[in-house]
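Colleague: Provide a 3D model corresponding to the input given below.
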Amino acid sequence: MFRTRLTFIWMLLAFFGGHSSLLAENQAQIKPKNSAKRYPPKLRFNAEAFRSFEKNYIDTRQKYNFVYQNVIFDSVGCTLNQLTRPVIPIQLALNLAENDTATAILVAAKAFLDENEPLFHANSKQVVLGSLNDYDEFCAVLFERAAYGKHPAAGQSRGKVEFIVEKKTGHLYLLASTMTRIIGNLPDSATYPKNKLYDKLKDRTLRFSLGQKHIKFTINRLETIQLSRVCVYEKKTFDDIYDSHGKRVERRLVSDEPHLAYEVIIGEDLANPIATIFFDAITGEELAIDYPEPKW
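Modeller: Below you'll find the model as predicted:
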């Protein structure tokens, strides 16, 4: 999925009442005791945290006086998973006197994040802009988590929040978030020897498809491997929910494991990598491979 983007088709489906593939409400088991001693820590449903989130949501709803027909919480991550099908939409304050429309929407979306940080577990200084897409009547803004605690956040599974805003009015037609609450207990630094990663990757062949193009790449030279940085990679587990026709309508977050990780870039042109591979920086476990996403 991630670097996940909402396509324009996805936007229209959400606008007319379709289901999102982002995280939805999940009632998982309460976090086990003594989890502070475990690595990696695991984020699960926590009743106290969810009650706090609900209170913050009620405060926000009263502040903006909005009504949406489709409201979905992520009860594990304690974030506002989805608002769609507005009856009385949130209206973002667009300063069109000093900015073009897209810039005004970007500024207003950042202000909304700052004003409602408890719903997203991040403010505008803790996210980066993932995309800004300008459509005929709407503008879509996607932010991605830049930091997890004191470490950089990385990988397509990291938290995101998306705004789809009507350009003429500033009405928020869709708000979707996967920005889970942050849990601590991560080590301060990596301990797994970096040189062992080269042994894991040597002579490995990667195969994937990008649109209609099928790509094969063999890692046969050290120059095609770059240990970029130590970061946090969120390894998430979902339940897929299907309707009576066998169509997946929801992905419910069950748990989220933040790992201290090495981000390893693979490719001949490291500025445009073939893949990014994440290894646990404590155990050496391979966590995930992120391939480039199609550009819409």
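
Colleague: ok, and for stretch 164-180, which residues are buried?
Modeller: 164-167, 170-180 (16 or more other C-beta atoms under 10 Å). Any C-beta I mention is one placed from the backbone N, CA and C, and that applies to glycine too.

Colleague: With stretch 279-292 instead?
Modeller: Residues 279-282, 287-291 are the ones in stretch 279-292 that count as buried (16+ other C-beta under 10 Å).

Colleague: from the residues you listed, which two are the most distant?
Modeller: For the buried residues of stretch 279-292, the farthest-apart pair by C-beta to C-beta is 282 and 291; their separation is 24.8 Å.

Colleague: Going by contacts, tell me the helices and strands next to the helix or strand containing residue 62.
Modeller: Here residue 62, judged by DSSP states H and E, is contained in helix 47-64. Applying 3 or more C-beta pairs under 8 Å, 6 or more residues apart in numbering; DSSP states H and E, one finds that helix 47-64 contacts strand 67-74, helix 117-120.

Colleague: in what helix or strand does residue 104 lie?
Modeller: With DSSP H and E as the criterion, residue 104 is inside helix 101-115.

Colleague: let me fix that: residue 40
Modeller: Per DSSP H and E, there is no helix or strand for residue 40.

Colleague: how much space between it and residue 248?
Modeller: Separation of residue 40 from residue 248 (C-beta to C-beta, to the nearest Å) stands at 27 Å.

Colleague: In the stretch 151-296 of the chain, where is pLDDT below threshold?
Modeller: Applying pLDDT under 70 to the stretch 151-296 of the chain flags residues 294-296.

Colleague: For it, just list every one of the strands.
Modeller: 151-152, 160-166, 171-177, 205-210, 213-218, 225-242, 248-266, 275-280, 286-290 (DSSP state E, counting those that start in this stretch).
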